[in-house]
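In: Compute the structure for the input listed below.
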Amino acid sequence: MATENAPDFDLGPLSWVQGEIDQALGRGLDSLAAFQAHPGDATELKHARTHVHQAAGAIQMVGLDAVVAYTDEIERQLGRLEELAEPELKAACAAIDHACRKQQATGRDDRQGAHRASHQLPTRSCRICHLPSRLPISSVLLLICV
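Out: Next up is the predicted model:
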């Protein structure tokens, strides 16, 4: 799939909020792990969604709308976890974990100027947002984690 090149982007504002984004995603990952340990208790799942939502808000403040779409998709998929049977739940949690960690790494790489991968997410994330909700969660996140 071809990606579009993004125009030059001022990384200054991203560097100001990247710590907050990393922390929010980290707390989301911790809450996801706690939910996996006790899948019957949705409290930690709600916490995970809240933390990912906070990360999306911080990303939106710096104008990376396409990356917000990626984060919003992670949040939507967290919301679907309660509906899953035990066998699919483990794979879905692993896919969400991978998506969050990829986003953390991409943000750090962008801030350090290593590459512009987050600016290549728009094409993929915009397509993901329109997938039918009946797709298995792991299939949806595999598409955005490629």
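In: CA only for contacts and neighbour counts going forward, please
Out: Noted.
In: what residue ranges in this protein score low on pLDDT?
Out: For the chain, the stretches flagged by pLDDT under 70 are 1-13, 107-146.
In: quick one, strands of it?
Out: Using DSSP state E, the chain contains no strands.
In: ok, now how distant is Leu89 from Val67?
Out: Per CA to CA, to the nearest Å, Leu89 is found 25 Å from Val67.
In: out of the two, which sits in the busier spot?
Out: Applying other CA atoms under 10 Å to Leu89 and Val67 shows that Val67 carries more neighbours, namely 22 against 19.
In: correct me, but that one touches Ile59?
Out: Yes: when contacts are counted by CA atoms under 8 Å, Val67 is listed as touching Ile59 (7.2 Å).
In: And Ala55, how close does it get to Trp16?
Out: 13 Å.
In: got it, and Gly57?
Out: Gly57 is 14 Å from Trp16, by CA to CA.
In: returning to that earlier point: more crowded one of Ala55 and Trp16?
Out: Between Ala55 and Trp16, Ala55 has the larger neighbour count (other CA under 10 Å), namely 25 against 13.
In: Not counting sequence-adjacent ones, nearest residue to the more buried one?
Out: Nearest non-adjacent residue to Ala55, counting by CA to CA, 6 or more residues apart in numbering: Ile21, 4.7 Å away.
In: Number of residues surrounding the closest residue to Gln104 other than its chain neighbours?
Out: Spatial nearest neighbour of Gln104, chain neighbours left out: Asp22 (5.8 Å); criterion: CA to CA, 6+ apart. Using other CA under 10 Å, the number of residues around Asp22 comes to 20.
In: Verify the contact between Asp22 and Lys102 for me.
Out: No: between Asp22 and Lys102 there is no contact under CA under 8 Å: 10.9 Å.
In: Helices of this structure, residue ranges please.
Out: With DSSP state H as the criterion, the chain has helices at 12-37, 43-61, 65-80, 86-112, 121-128, 137-145.
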